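J.: can't give you the sequence, but here's the structure:
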């Protein structure tokens, strides 16, 4: 097993979402790995949190990545943040991404959870499952 596929997978997902017109329309380009300094946009997405497990076999190294993308909004209600989350799900559905290391063989939406945060924001946490194999 190797964790070496994690950064290339995140970079490919970030690049794909950052150039998808529906996602950029919903988020205005506000997709982050780390929050920028200063005031935040009304609606934004954070990526980077993941769990990884070894799924190697006798012939190759491979890993399963459970990627979390969490969206937040200060808008009242959930409509805008759910619409933005939907655009991310549609963008990653059956997508073929090129990684700088390894090959993405599968990327699937697994679940979503909408919540109100303690500081008054609304959030939607999306979970995706990706399989990356040694190329």
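T.: Structure's in. What do you need? None of the values given here were measured: they were computed from a predicted structure. Numbers count the residues shown, from 1 in each chain.
J.: spit out the contact partners of the residue with the largest distance to the centre of the chain.
T.: Distance from the C-alpha centroid of the chain, by Cα atoms, centre = their mean, peaks at residue 58 (29.8 Å). Contacts for residue 58 (Cβ atoms under 8 Å, 6 or more residues apart in numbering) come out as none. Every C-beta, even on glycine, is put in place using the N, C-alpha and C of the backbone.
J.: how much space separates it from residue 132?
T.: The spacing between residue 58 and residue 132, counted by Cβ to Cβ, to the nearest Å, is 18 Å.
J.: for residue 106, same thing?
T.: 9 Å.
J.: more crowded one of those two?
T.: Using other Cβ atoms under 10 Å as the criterion, residue 106 and residue 132 rank with residue 132 on top: 28 against 11.
J.: who's that one bridged to?
T.: Applying DSSP bridges to residue 132 gives these bridge partners: residue 63, residue 104.
J.: check contacts around it.
T.: Contacts of residue 132 by Cβ under 8 Å, 6+ apart are 5, 8-9, 62-63, 65, 99, 102-105.
J.: now do residue 106
T.: Contacts of residue 106 (Cβ under 8 Å, 6+ apart): 129-131.
J.: go again with 7 Å.
T.: Contacts for residue 106 (Cβ atoms under 7 Å, 6 or more residues apart in numbering) come out as 130-131.
J.: and what of the one 10 residues further on?
T.: For residue 116, the contacting residues are residue 122, by Cβ under 7 Å, 6+ apart.
J.: again, only using 8 Å
T.: 122-123.
J.: cool, and the one 5 residues further on?
T.: By Cβ under 8 Å, 6+ apart, residue 121 lies in contact with 72-74.
J.: for the residue nearest to residue 128 when sequence neighbours are not counted, grab the count of nearby residues.
T.: Closest residue to residue 128 apart from its sequence neighbours, by Cβ to Cβ, 6 or more residues apart in numbering: residue 67 at 4.6 Å. By other Cβ under 10 Å, 22 other residues sit near residue 67.
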